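[1] Quick one: sequence plus predicted model below, questions after.
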Amino acid sequence: MSLRRTKIIATIGPASESPTTLRELLLAGVNIVRINMSHGTKERHKQVIDNVRKLAAELKLAIAILIDLQGPKIRIAKFIDGSVHLQAGDEIVIDPTCPDDMGDNKRVGVDYKTLASDLQPGDQLLLDDGRILFEVTKIEDMAIVCQVKLGGTLSDNKGLNRVGGGLSAAALTDKDKQDIKFAAENEAEYVAVSFPRAAEDISYARDLLQAAGSKAGIIAKIERVEAVEDLISIIDAADAVMVARGDLGVELGFAELPAVQKRIIENCRLLNKAVITATQMMESMLTNTIPTRAEVTDVANAVLEGSDAVMLSAETASGQYPVQVVAAMAEVCLAAERQSLRGLVQSQTMEREFNRVDEAIAMAAIYISDHLDVSAIVALTESGLTPLLLSRACAEIPIYGVTSNKLARGKMALYRGVYPIDFDIRDFERWEVIRAVITELAAHNILQQGERVIITRGDLMGASVSANSLKIVTVDTA
């Protein structure tokens, strides 16, 4: 059976949080479980995390936990009747002094109390992912008087964006800071920062995470115009990036989104960072047993562009067919991966000059695998960095990241084409390590006798030292 290189992230919610469904999701192909801190309670989230870890151990799968922070998502408050119907030409006031559950078709509250200070007449506001459009006509103290340009039914707590971005809400709220502590306490492998505007937001989140005792990887969600403008700095500051197409598409305009997605993915790969494509990938499967042809093409294009992972949100959190949608996504990924990306990789990486020894070792391994009959690359690693570097070149053979470091194995669960292996090389003398690793992989039918493999490692085994050596061995003579 072919190994799928692109990883799948599934959001867990009411439709998928039972142990039975979680087990089916993991068996269907989920690599990373996303906990969305915008919904649910910490008690329920902890129960999900505990169940996932128990199931992963039972099934002998490397499954990572991603804690996705809510961030400063600006939302209107609630309506007396739960929703209102607005028509083009209607006037409505967004008023932070309006009681949170007393909105009507004339006035509604908002959770961002200083919103008016970021706006001026003529600004356009998109609500409910762009389904409703307001134009600001005047500002009266902190109240924002708007004319409805595109009407429809507007319900409680819908998100609000300004066309073109520019809202100044801080990336990390008080709730986010508490949720960072929750992530540390539960040893999450990744924390996603929502709505960062600049690299400083990522650095601040890392400081808070480290102060809480965690070395989890930080994922920067690109969903603001300002983040696109500061893209390279944000990629540098983060461990991975998510193309969060919902709010990003609202702020940019949907027509601009495909080109920006492609640019984000290309820059992440060039800068040796993992990248996730997310939002509405198979949304029709909320209520249907198969995806649309357009969704299939969308997922396949994300794979062909070089995404490390593709993500499911409501499809698995609240949809009717969470297991089927994971299986469908896995099938599409496998089909797309049959198309070679070697030309793209050679132009992007093989002609570059390297400043790091471990990056040069990784690229040498990829070059050799292209020109010699090699079945796999085995990276002995403590941090998971060398497997990440290897994965940037879209290797067409498996990359096995061998480590006893639990956090490193979790982080590698995100990297395209990398398969984490739990093995403690510190139990062996340096001269017997390679034979021991090969014997272990062969015992689990990962490698077969007679196969040729590439081994990368550093000088000091079991320490966080960059890979600086490469060896080619044959399984039966290791």
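    Great, that's in hand. Everything quoted here is computed from the prediction, not taken from an experiment.

[2] Would you verify that residue 167 is located in a helix?
    No. Assignment of residue 167 by DSSP: H, G, I helix; E, B strand; the rest coil gives coil, placing it outside any helix.

[3] Contact partners for it?
    Residues in contact with residue 167, defined by CB atoms under 8 Å, 6 or more residues apart in numbering, are 74, 112, 115, 118, 161. In short, each C-beta sits where N, CA and C put it, glycine included.

[4] Now the buried members of the residues you listed.
    74, 112, 115, 161 (16 or more other CB atoms under 10 Å).

[5] Okay, helices next: where are they in the stretch 151-300 of the chain?
    For the stretch 151-300 of the chain, applying DSSP state H, counting those that start in this stretch gives helices covering 174-185, 199-211, 225-229, 231-237, 245-252, 257-270, 293-304.

[6] Tell me which of the ones you listed sits nearest to residue 30.
    Comparing the helices of the stretch 151-300 of the chain by their distance to residue 30 (CB to CB), the top pick is helix 293-304, with 14.8 Å.

[7] can you pull the buried residues of that closest one?
    295, 296, 298, 299, 300, 302, 303, 304.

[8] where does the stretch 301-450 of the chain dip in pLDDT?
    Scanning the stretch 301-450 of the chain with the threshold set as pLDDT under 70 gives 340-353.

[9] any chance you could map the strands in it?
    Ranges of strands within the stretch 301-450 of the chain are 309-312, 376-380, 399-403, 418-422, based on DSSP state E, counting those that start in this stretch.

[10] With respect to residue 150, which of the ones you listed lies nearest?
    Per CB to CB, nearest to residue 150 of these: strand 309-312, 28.3 Å.

[11] Can you list the strands that that closest one pairs with?
    When sheet partners are counted by DSSP bridges, strand 309-312 sits next to strand 7-11 (parallel), strand 274-278 (parallel).

[12] Kindly reformat those as JSON lines and extend each row with distance to residue 33, mean neighbour count and mean pLDDT.
    Formatted as JSON lines, the strands paired with strand 309-312 follow (distance: least, CB to CB, whole Å; neighbours: other CB atoms under 10 Å; pLDDT from 0 to 100):
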{"stretch": "strand 7-11", "distance to residue 33": "6", "mean neighbour count": "26", "mean pLDDT": "98"}
{"stretch": "strand 274-278", "distance to residue 33": "14", "mean neighbour count": "27", "mean pLDDT": "98"}
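
[13] among those strands, which is nearest residue 286?
    strand 7-11 (12.2 Å).

[14] buried set for the helix or strand that comes right after that closest one?
    Next helix or strand after strand 7-11 toward the C-terminus (DSSP states H and E): helix 19-28. Applying a neighbour-count criterion of 16+ other CB under 10 Å, one finds 22, 23, 24, 25, 26, 28 buried in helix 19-28.

[15] Can I get those in a markdown table including pLDDT and distance to residue 57?
    Below are the buried residues of helix 19-28 laid out as a markdown table (pLDDT from 0 to 100; distance: CB to CB, whole Å):
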| residue | pLDDT | distance to residue 57 |
| --- | --- | --- |
| 22 | 98 | 13 |
| 23 | 98 | 12 |
| 24 | 98 | 17 |
| 25 | 98 | 16 |
| 26 | 98 | 11 |
| 28 | 97 | 18 |
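
[16] pretty sure residue 33 is in contact with residue 66, am I right?
    Yes. If you go by CB atoms under 8 Å, residue 33 and residue 66 touch, sitting 6.8 Å apart.

[17] who touches both of the two?
    Common contacts of residue 33 and residue 66 (CB under 8 Å, 6+ apart): residue 9.

[18] re earlier: could you redo the strands of the stretch 301-450 of the chain as a markdown table and give each row distance to residue 92 and mean neighbour count?
    As requested, the strands of the stretch 301-450 of the chain are exported to a markdown table (distance: least, CB to CB, whole Å; neighbours: other CB atoms under 10 Å):
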| stretch | distance to residue 92 | mean neighbour count |
| --- | --- | --- |
| strand 309-312 | 34 | 26 |
| strand 376-380 | 57 | 26 |
| strand 399-403 | 54 | 26 |
| strand 418-422 | 50 | 22 |
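
[19] Where do the strands of the stretch 1-150 of the chain begin and end?
    So, for the stretch 1-150 of the chain - with DSSP E, counting those that start in this stretch - the strands run 7-11, 32-36, 64-68, 83-86, 91-94, 107-108, 124-127, 132-140, 143-150.

[20] Looking at those, which is nearest to residue 377?
    Judging these by CB to CB, what sits closest to residue 377 is strand 7-11, at 17.4 Å.

[21] okay, the angle between that closest one and helix 19-28?
    Taking axes from the mean of the first three to the mean of the last three CA atoms, to 10 degrees, one finds strand 7-11 and helix 19-28 inclined to each other by 160 degrees.

[22] And the contacts of strand 7-11?
    By CB under 8 Å, 6+ apart, the list of residues contacting strand 7-11 from outside reads 16, 25, 29-36, 66, 68, 276, 278, 308-317, 322, 326, 329-330, 333, 413-416.

[23] State the pLDDT value of the residue nearest to residue 108 when sequence neighbours are not counted.
    Among residues not flanking residue 108 along the chain, residue 76 sits closest, at 5.1 Å (CB to CB, 6 or more residues apart in numbering). Residue 76 is assigned a predicted lDDT (pLDDT) of 94.

[24] What of the one 4 residues further on?
    Listed pLDDT for residue 80 reads 96.

[25] One more: the one 10 residues further on?
    Per-residue confidence at residue 90 stands at 97 (pLDDT).

[26] So it sits against residue 84, correct?
    No. The criterion here is CB under 8 Å, and residue 90 misses it with residue 84 at 9.4 Å.

[27] Who has more neighbours out of the two?
    residue 84 (19 against 16; other CB atoms under 10 Å).

[28] ok so, going back, and which of the buried residues of helix 293-304 is nearest to residue 261?
    residue 302 (7.8 Å).

[29] which residues does that closest one contact?
    261, 265, 277, 281, 310.

[30] ok, residue 78 touching residue 99?
    No. Assessed by CB under 8 Å, residue 78 is found out of contact with residue 99, at 9.1 Å.

[31] Overlap of the contact sets of the two?
    Contact criterion CB under 8 Å, 6+ apart; residues shared by residue 78 and residue 99: residue 109.

[32] So for those two, which sits in the more crowded spot?
    Neighbour totals were compared for residue 78 and residue 99, and residue 78 leads with 19 against 12 (other CB under 10 Å).

[33] hang on, the earlier thing: between residue 90 and residue 84, which contacts overlap?
    residue 105.

[34] Residue 141 - how many residues pack around it?
    By the criterion of other CB under 10 Å, residue 141 has 9 neighbours.

[35] any idea how far residue 423 is from residue 433?
    Taking CB to CB, to the nearest Å as the measure, residue 433 falls 10 Å from residue 423.

[36] Could you do residue 26 as well?
    The value you get for residue 26 to residue 423, if CB to CB is used, is 21 Å.

[37] try residue 181
    32 Å.

[38] Settle it for me: which of those two has more neighbours?
    residue 423 (19 against 15).

[39] which residue sits closest to that one, ignoring its sequence neighbours?
    Using CB to CB, 6+ apart and skipping the chain neighbours, the partner closest in space to residue 423 is residue 402 (5.1 Å).
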